[in-house]
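In: Sequence first, then the predicted structure:
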Amino acid sequence: MSAPIGVFDSGVGGLTVLAALRAHLPHESFVYLGDTARLPYGTKSPHTVSRYAQQAAQVLVDRGVKLLVIACNTASAVALDDLRQHLSPLPVVGVVEPGAAAACEASSHGRIAVIGTESTIRGRAYERAIARRRPEASVVGRPCPLFVALAEEGWCEGPIPEAVAQRYLGDLRPVPNDPASIDCLVLGCTHFPVLRPALAAVMGPGVALVDSAETTAAAVAHALEGSDLAAPVGATGSVTLLATDGPERFARVGSGFLGLELSPDAVSLVDL
Ligand code: DGL
């Protein structure tokens with residue numbers, strides 16, 4: 001019960017999920033691994049993403065984690081089933097199912113757009129997860145790879161990210177009184193929640209913006225309770241941060257994603 005929860009992403013984006021996990025589960029300890037040396041995963045083949053995900057997961061398993069969170073949409077979309085099979089009986093939680101659940105909850109008319117990396121959108125994992133919950137929903141997927149670089153650069157609002165968002169998503173902006181217009185945009189990449197201001201400005205108030213962070217934290221809480229693995233109430237949670245490259249950059253860029261000032265000394269370098 002006092003073992004940490006393992007969380008991994010291709011880089012710093014998964015820190016948006018870690019922030020929600022910490023807020024929901026303050027008694028838990030976390031080990032977060034950002035595979036910064038090999039980011040981005042989103043442009044790689046499924047075979048390569050699966051291999052990277054297995055190696056990242058193994059680092060956390062070797063540290064004795066009691067549950068694994070794949071805080072990366074690309075790795076969740078591509079490698080969740082393999083990881084579950086390979087790591088059984090360790091509970092493994094991905095971010096696609098929770099993100100799909102949040103979308104189905106938020107969308108009033110079931111007209112949903114999903115944005116993510118090339119790999120996430122190509123694999124259609126969100127379409128399948130949404131169809132299981134709301135078979136009548138229509139889902140359109142749109143890869144938006146440039147958003148990853150903008151988010152890492154901290155350009156989250158203003159004319160530049162809005163121009164990029166307009167280029168990617170302008171044709172999805174709702175048309176007044178058109179019942180075919182989308183009413184929900186799923187931020188299907190862990191980098192994208194920090195871009196909410198620009199995305200909201202381009203999509204307008206009629207489109208609900210949802211991401212996986214909150215619903216993933218709820219899914220983890222549920223999995224811990226279901227398996228009697230929750231940390232004792234009163235325990236003090238801790239966070240250990242690992243990266244495969246550049247602790248300084250991880251701390252500088254990651255601070256914005258976690259919503260907490262990070263020092264490079266708090267980030268340990270690991271080799272996969
Ligand atoms: N973390 C990845 C995701 O959520 C985005 C960055 C990457 O392409 O590795 O899909």
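Out: It's in.
In: Determine which residue lies closest to the centroid of the protein.
Out: Closest residue to the average C-alpha location of the chain: Thr190 at 3.3 Å, with Cα atoms, centre = their mean.
In: how about the residues of the stretch 1-150 of the chain that lie near the ligand?
Out: 9-11, 13, 39-42, 72-74, 116-117, 120, 148 (Cβ under 6 Å from any ligand atom). In short, each C-beta sits where N, CA and C put it, glycine included.
In: which of these has the most neighbours?
Out: Asn73 (38 neighbours; other Cβ atoms under 10 Å).
In: check contacts around that one.
Out: For Asn73, the contacting residues are 95-96, 99, 116-117, 120, 188-190, 212, by Cβ atoms under 8 Å, 6 or more residues apart in numbering.
In: can you list the weak-confidence ranges in the stretch 51-200 of the chain?
Out: For the stretch 51-200 of the chain, no stretch is flagged by pLDDT under 70.
In: Spatially, what comes nearest to Val227 if we skip its sequence neighbours?
Out: Careful, residue 227 is Ser; it's not Val. Pro91 (6.1 Å; Cβ to Cβ, 6 or more residues apart in numbering).
In: Tell me, how many residues neighbour the one you found?
Out: Neighbours of Pro91 (other Cβ under 10 Å): 20.
In: how about the helices of the stretch 101-250 of the chain, start to end?
Out: For the stretch 101-250 of the chain, the helices defined by DSSP state H, counting those that start in this stretch cover 118-123, 125-133, 146-153, 159-169, 196-203, 213-226, 247-258.
In: angle of the last one against helix 146-153?
Out: With axes from the mean of the first three to the mean of the last three Cα atoms, to 10 degrees defining the directions, helix 247-258 sits at 110 degrees from helix 146-153.
In: For helix 247-258, buried residues please.
Out: 247, 249-258 (16 or more other Cβ atoms under 10 Å).
In: Just name whatever secondary elements it is in contact with.
Out: helix 15-24, strand 239-243, strand 267-269 (3 or more Cβ pairs under 8 Å, 6 or more residues apart in numbering; DSSP states H and E).
In: Dump the longest one to CSV, restricted to CA.
Out: Coordinates of the C-alpha atoms in helix 15-24 are reproduced here as CSV (Å, rounded to 0.1, in the frame of the first residue of the first chain):
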residue,chain,number,x,y,z
LEU,A,15,3.0,16.2,-15.8
THR,A,16,-0.5,17.6,-16.5
VAL,A,17,-1.8,14.1,-15.5
LEU,A,18,0.5,13.9,-12.5
ALA,A,19,-0.8,17.3,-11.3
ALA,A,20,-4.4,15.9,-11.3
LEU,A,21,-3.2,12.6,-9.6
ARG,A,22,-1.5,14.6,-6.8
ALA,A,23,-4.6,16.7,-6.3
HIS,A,24,-6.9,13.7,-6.1
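In: Past that helix, which element shows up next along the chain?
Out: Next helix or strand after helix 15-24 toward the C-terminus (DSSP states H and E): strand 30-34.
In: quick check: mean pLDDT across that following strand?
Out: Averaging pLDDT along strand 30-34 yields 98.
In: For the closest residue to Pro161 other than its chain neighbours, grab the count of nearby residues.
Out: Excluding its sequence neighbours, the residue lying closest to Pro161 (Cβ to Cβ, 6+ apart) is Ala198, at 3.7 Å. When neighbours are counted by other Cβ under 10 Å, Ala198 registers 24.
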